[in-house]
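Q: the amino acid sequence is not available; the structure is as follows:
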């Protein structure tokens with residue numbers, strides 16, 4: 001049966017495919033250390049108790065009708081205060097848009113700025129930009145990054161592609177790598193954007209920057225930096241993506257927000273009125289109430305990210321110990337988010353049954369079956385399947401489970417010849 005060209009050519013998620021395999025094996029009784037999902041085991045990492053109480057109160061008070069399409073004013077006011085306190089960013093409630101997590105915001109940014117055939121630039125690896133570019137019929141320019149730069153794009157790598165581009169999509173801390181821009185790196189990119197926009201006429205679209213900082217509160221030692229704090233004149237060109245999904249362990253609560261230039265945010269609001277992408281009213285009400293006590297918010301975030309950092313350190317240390325033992329592995333020290341970047345240089349090796357590990361997906365499924373360890377290859381984030389790099393998310397496992405899985409991973413890798 002015929003469907004639209006867009007639907008017919010949609011690419012399925014490699015992460016979902018891996019997740020299905022993991023779920024099938026677990027249903028059969030297999031023990032799998034699932035490092036695939038950018039999610040959190042809510043029994044290990046529950047949302048703040050006060051937030052849960054406020055959500056329950058909101059339902060008990062029958063706040064179950066439609067919220068305003070751009071979000072409750074009470075929540076937008078609290079977000080505005082938090083942005084000022086936390087990042088010294090001045091955005092009024094009118095320049096803030098609340099949605100069901102960050103995905104509708106990212107989609108709305110693309111649809112608001114990008115016309116068919118417009119050039120969009122994003123680094124690889126990065127989360128889902130290839131799919132959003134496809135959904136908007138953009139001319140996607142993928143800029144391959146290197147481990148030497150922590151898989152973050154440099155101004156020099158981006159500069160050759162700026163001519164005619166309308167959107168640059170960046171994320172820090174980065175999904176999938178857990179690495180972050182330094183102030184110097186981001187400063188060079190912002191200077192480049194400002195220089196590019198100074199060349200454009202009034203009848204041309206500027207080059208906008210979508211800056212996804214959903215993990216900005218989950219950083220370990222290094223300081224999070226953002227464009228407008230570095231250059232106030234970037235305010236005209238920067239759309240931010242943020243929310244509670246990650247920093248409050250609230251991935252299923254679905255409260256995100258975007259903020260930026262009024263003329264962009266207003267069009268995003270209008271677009272999403274036709275999509276119905278608002279966060280549920282009780283969750284919005286509860287988040288607004290919870291943010292009225294910033295000391296509680298900060299106490300939760302500090303405790304939560306401390307636990308994540310400990311798990312990431314255990315995993316990073318485990319990989320480094322395998323490297324010391326002579327295995328062909330590497331990992332990049334985690335800087336933020338939930339993720340560790342791991343290199344498993346075993347593509348081309350032979351499995352015990354005599355078959356060849358031909359690509360990163362083959363290695364993923366080998367490790368699921370032989371080690372009970374599930375990772376996501378960077379091919380799920382725009383890289384080639386020949387690349388031996390993988391994302392490991394610690395949100396679904398206790399620290400002890402990570403320690404238990406390491407000998408199994410070591411044994412499976414040693415069985416490859």
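A: Received the coordinates, thanks. What you are looking at is a predicted structure, and each value in this text was computed from that prediction instead of being measured. Numbers count the residues shown, from 1 in each chain.
Q: would you mark the buried spots in stretch 286-297?
A: The neighbour-count check on stretch 286-297 (16 or more other C-beta atoms under 10 Å) flags 286-291, 297 as buried. Glycine gets a C-beta too; all of them are placed from N, C-alpha and C.
Q: ok, now stretch 353-369?
A: Result for stretch 353-369 [16+ other C-beta under 10 Å]: buried residues 357, 359-364, 366-368.
Q: let's have the buried residues of stretch 286-297 in TSV, adding pLDDT, distance to residue 234 and secondary structure.
A: Putting the buried residues of stretch 286-297 into TSV (pLDDT from 0 to 100; distance: C-beta to C-beta, whole Å; DSSP: H, G, I helix; E, B strand; the rest coil) gives the following:
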residue	pLDDT	distance to residue 234	secondary structure
286	98	33	helix
287	98	27	helix
288	98	28	helix
289	98	32	helix
290	98	30	helix
291	98	26	helix
297	98	26	helix
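Q: so residue 191 makes contact with residue 155?
A: Yes. With contact defined as C-beta atoms under 8 Å, residue 191 counts as touching residue 155 (7.4 Å).
Q: looking at these two, which has the bigger crowd around it?
A: Between residue 191 and residue 155, residue 155 has the larger neighbour count (other C-beta atoms under 10 Å), namely 17 against 14.
Q: residue ranges of the helices in the stretch 301-417 of the chain, please?
A: Secondary structure of the stretch 301-417 of the chain (DSSP state H, counting those that start in this stretch): helices at 360-371, 399-414.
Q: which one of those lies nearest to residue 231?
A: helix 360-371 (37.9 Å; C-beta to C-beta).
Q: what about the strands in the stretch 251-400 of the chain?
A: 256-259, 329-332, 339-344, 373-374, 376-377, 389-393 (DSSP state E, counting those that start in this stretch).
Q: the last one - contacts with which helices or strands?
A: Taking 3 or more C-beta pairs under 8 Å, 6 or more residues apart in numbering; DSSP states H and E as contact, the helices and strands that strand 389-393 lies on are strand 339-344, helix 360-371, strand 376-377.
Q: any chance of the ones you listed in JSON lines, with mean pLDDT too?
A: As requested, the helices and strands packed on strand 389-393 are exported to JSON lines (pLDDT from 0 to 100):
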{"stretch": "strand 339-344", "mean pLDDT": "98"}
{"stretch": "helix 360-371", "mean pLDDT": "96"}
{"stretch": "strand 376-377", "mean pLDDT": "96"}
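Q: returning to that earlier point: which of the helices of the stretch 301-417 of the chain sits closest to residue 272?
A: With C-beta to C-beta as the criterion, residue 272 lies closest to helix 360-371 of the helices of the stretch 301-417 of the chain, at 34.8 Å.
Q: go ahead and name everything in contact with the closest one.
A: The contact list for helix 360-371, computed with C-beta atoms under 8 Å, 6 or more residues apart in numbering, reads 14, 18, 21-22, 25, 32, 344, 346-347, 351, 356-357, 373-379, 385-390, 405, 408-409, 411-413, 415-416.
Q: quick check: angle from that helix to strand 389-393?
A: Going by axes from the mean of the first three to the mean of the last three C-alpha atoms, to 10 degrees, helix 360-371 is angled at 50 degrees with respect to strand 389-393.
Q: run the chain-centre distance for helix 360-371.
A: 24 Å (C-alpha atoms, centre = their mean, to the nearest Å).
Q: would you mark the buried spots in stretch 410-417?
A: For stretch 410-417, the neighbour count (16+ other C-beta under 10 Å) marks 410, 412-413, 416 as buried.
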